[in-house]
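Peer 1: one predicted model, sequence on top.
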Amino acid sequence: MIQPAFPKLLSSQIAFDIARTILEGFDKHYRLFRQASQDARGHFERGEWAVAQAAARERIGFYDRRVEECVHLLEDDYAPEDLTDEAWRESKLHYIGLLTRHKRPELAETFFNSVCCKMLHRRYFNNEFIFVRPVVSTEYIETDEMAPTYRVYYPQADGMRPTLTRIVTDFQFGAPFADLARDVARVEERLAPFFDEMAPNAQFQVLSSPFFRNKGAYIVGKAVNGDRELPFVVPVLHDSPGRLAVDAVLIDRQQVESVFSYTRAYFMVDMEVPSACVQFLRTLLPHKPRSEIYTVLGLQKQGKTAFYRDFLQHLKHSSDRFETAPGIRGLVMLVFTLPSFPYVFKVIKDFYPPPKDTTPAQVKEKYLLVKYHDRVGRMADTLEYSYVAFPRTRFAEALVAELKQHAPSQVEEEGDQLIIRHLYIERRMTPLNIWLSQAEGCGNEADLEHGIVEYGNAIRDLVAANIFPGDMLYKNFGVTRHRRVVFYDYDEIEYVTDCNFRAIPAARNEEDEMASEPWYPVARHDVFPEQFGQFLLGNPNIRRCFLRHHAELLTPGWWQQRKERILDGIVEDVFPYPQSIRFRHSPAPATVPSLPET
């Protein structure tokens, strides 16, 4: 009896055409996405840094543009009365059939959801109309035989140095190496301790496509020797105009994780089967959720989908309540958290007390700027959601009251759900002001100094990326689990090139010096670095550390010089790994870290 019912269920030509239109829209998107990723190779080889950055920013917008195109096509082709509930249900079933042999079914399902959520009322978002859970498996999807996801190399058969040479040359970079033999010898020296006794299965597994970002290309893989595995990342940079060089070998898991951090720009990497690439990377980054890996590969919409599914699972299997996040309350954002979940939830307030002079629309623009900008490891990426339904019973009453007081336009209650209309989610960090206070309270001078050194380094890296933080108070910076300081309050950021860094004019008389207001004109984008110390360095211990490491940040000359370099078109080097492990800076051999057995 099942056999006759199925053809009757899938009898609508409109439903099939809807499914086909959506899949064609997704396939167009991914074709353009792959082309942009492939073009990144040429930009790297030719040293076209500004072009590469512009292409990376443009690619971020591809997805939303294709969704809008698809929505317009469906609205133009069908009258509202044609798009019935039954047509949408059947369309989803047709779509599943079309994905049977698709190379990227999980991404296509997310694209289907995006189109549906643009066209349907939100009451449909969590039922049979969309893919709440993945339907098509991504296990064992076949890649093209001529372009496997990763290649395997056997040093025992060919010798270590020839094997390493072949790993590099197989990428066929379109620019020559300044001294490949020298570079390979350095790589061999770093990896030799791992192969001190070579097991029969000794091998290198290397992803077939290089990863491009900013001014670097990255070779990503792992070494296998017996029952041990060692992840590695090999950065390739321009040694001189038109000449390449291997810059380092990253073999420490924390350093490898930092390269794939949520605080950095998305990679440009060509992937025929993204799920296979993600699965390989998870063996290198076992502590990093699948959602973050998809996101750092530039598939941020899939990252959002995977994150939200993980979040729903966590809610199902936990019982703690959402509460206001610890730390100093912000003037612009209301921040809350679920203690058992390592993220914070941020809602834009409806109104702000003086001296804040902004609007919710302007705050959204700042967060969008960060999404499209190079975050250089110093700005947290955010996941942006609309109409998120939370279980009302999981909210502390004080938090609900706070939401309704400060952001009434963003909150509504519907049955047993609390719905937030617009929301940002980002990784939870320890606010820097709390970190510094705890370090000083415990007499831990090393942590205090580390926090201040990292704070100044964060500002330097942001400036290198043409970002002026605006509000530089410690409460707007956080410390990650890797003890790295990251900026996360974006409502006052500006481009460095839009700022006018000035010295404070000399007082004309004693009355000027005693005046509560400046005796000189101040324009909107004027910045006076000499004033930073007044609100940053009141604590003598902090002041001593800051002046020891970052005194030049208090001088207008330093800022003016950096601004001029940006205006001259200079793209600064910001490395996602320590300077100390670079070959040109640290020739001493590195030790292989102790790793758990796999």
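Peer 2: That came through, no problem. Numbers count the residues shown, from 1 in each chain.

Peer 1: got the contact list for the residue nearest to F111 when sequence neighbours are not counted?
Peer 2: On the basis of C-beta to C-beta, 6 or more residues apart in numbering, the spatially nearest residue to F111 that is not a chain neighbour turns out to be F26, at 3.9 Å. In this view, the C-beta of every residue, glycine as well, is placed from N, C-alpha and C. For F26, the contacting residues are 66, 107-108, 111-112, by C-beta atoms under 8 Å, 6 or more residues apart in numbering.

Peer 1: got the domain ranges for this structure?
Peer 2: 7-124, 150-261, 318-428, 431-575 (automatic domain parsing).

Peer 1: can you check which of the ones you listed gets nearest to P274?
Peer 2: Across the domains of the chain, P274 has its closest neighbour in domain 7-124 (5.9 Å, C-beta to C-beta).

Peer 1: ok, V67 to D17 distance?
Peer 2: 18 Å (C-beta to C-beta, to the nearest Å).

Peer 1: so these two - more neighbours on which side?
Peer 2: V67 (21 against 17; other C-beta atoms under 10 Å).

Peer 1: list the contacts of that one.
Peer 2: Counted by C-beta under 8 Å, 6+ apart, V67 has contacts 25, 111, 114-115, 118.

Peer 1: that one: which element?
Peer 2: If you go by DSSP states H and E, V67 is part of helix 62-77.

Peer 1: buried stuff in that helix?
Peer 2: Residues of helix 62-77 classed as buried by neighbour count (16 or more other C-beta atoms under 10 Å): 62-63, 66-67, 70-71, 73-74.

Peer 1: farthest pair within the residues you listed?
Peer 2: F62 and L74 (19.0 Å).

Peer 1: of the buried residues of helix 62-77, closest to A506?
Peer 2: Using C-beta to C-beta, these come closest to A506 at F62, 53.0 Å.

Peer 1: how near is the closest one to H29?
Peer 2: 6 Å.

Peer 1: once you drop chain neighbours, what's closest to V571?
Peer 2: Using C-beta to C-beta, 6+ apart, the nearest residue to V571 is W49, at 4.1 Å.

Peer 1: my guess is that neighbour meets G216, correct?
Peer 2: No: between W49 and G216 there is no contact under C-beta atoms under 8 Å: 10.4 Å.

Peer 1: span of stretch 464-482 from start to end?
Peer 2: 22 Å (C-alpha to C-alpha, to the nearest Å).

Peer 1: list the buried residues in that stretch.
Peer 2: Quick answer for stretch 464-482 (16+ other C-beta under 10 Å): 464-472, 474-480.

Peer 1: how far off centre is the following helix or strand past the helix holding V67?
Peer 2: Elements were assigned by DSSP H and E; along the chain past helix 62-77, the next helix or strand is helix 85-98. Averaging C-alpha positions (C-alpha atoms, centre = their mean, to the nearest Å) puts helix 85-98 33 Å from its chain's average.

Peer 1: measure Q35 to A361 for me?
Peer 2: 33 Å.

Peer 1: scratch that, F260 is what I was asking about
Peer 2: In terms of C-beta to C-beta, F260 sits 33 Å off from A361.

Peer 1: could you check how far the closest residue to F351 other than its chain neighbours is from L99?
Peer 2: Spatial nearest neighbour of F351, chain neighbours left out: H406 (8.0 Å); criterion: C-beta to C-beta, 6+ apart. In this view, H406 and L99 are 44 Å apart by C-beta to C-beta.

Peer 1: tell me where the stretch 201-350 of the chain has strands.
Peer 2: All strands of the stretch 201-350 of the chain, identified by DSSP state E, counting those that start in this stretch, fall at 203-207, 211-213, 216-225, 228-240, 243-246, 323-324, 333-337, 343-348.

Peer 1: by mean pLDDT, point me to the weakest helix or strand of this protein.
Peer 2: helix 2-9 (a mean of 44; mean pLDDT, DSSP states H and E).

Peer 1: low pLDDT regions in the chain?
Peer 2: For the chain, the stretches with pLDDT under 70 are 1-11, 121-127, 145-146, 512-513, 515-516, 585-598.

Peer 1: recalculate using a threshold of 50.
Peer 2: 1-8, 586-598 (pLDDT under 50).

Peer 1: what's near enough to touch C277?
Peer 2: C277 touches 149, 207, 209, 269, 271, 297, counting by C-beta under 8 Å, 6+ apart.

Peer 1: need the three-state assignment for I570.
Peer 2: Classification of I570 using DSSP: H, G, I helix; E, B strand; the rest coil returns coil.

Peer 1: quick one: it and N539, what's the gap?
Peer 2: I570 sits at a distance of 35 Å from N539 (criterion: C-beta to C-beta).

Peer 1: the more surrounded of these two?
Peer 2: Taking neighbours as other C-beta under 10 Å, I570 and N539 compare with N539 leading, 16 against 12.

Peer 1: now for the nearest residue to that one once chain neighbours are set aside: which residues touch it?
Peer 2: Using C-beta to C-beta, 6+ apart and skipping residues adjacent in sequence, the residue nearest N539 is E440, 7.4 Å away. Shown in contact with E440 (C-beta under 8 Å, 6+ apart): 448, 539, 541.

Peer 1: distance of the residue nearest to V571 relative to R427?
Peer 2: W49 is 28 Å from R427, by C-beta to C-beta.

Peer 1: now I493
Peer 2: From I493 to R427 the distance is 18 Å (C-beta to C-beta).

Peer 1: looking at Q35 and A361, which is more packed in?
Peer 2: Set Q35 next to A361 and count neighbours by other C-beta under 10 Å: Q35 wins out with 12 against 8.
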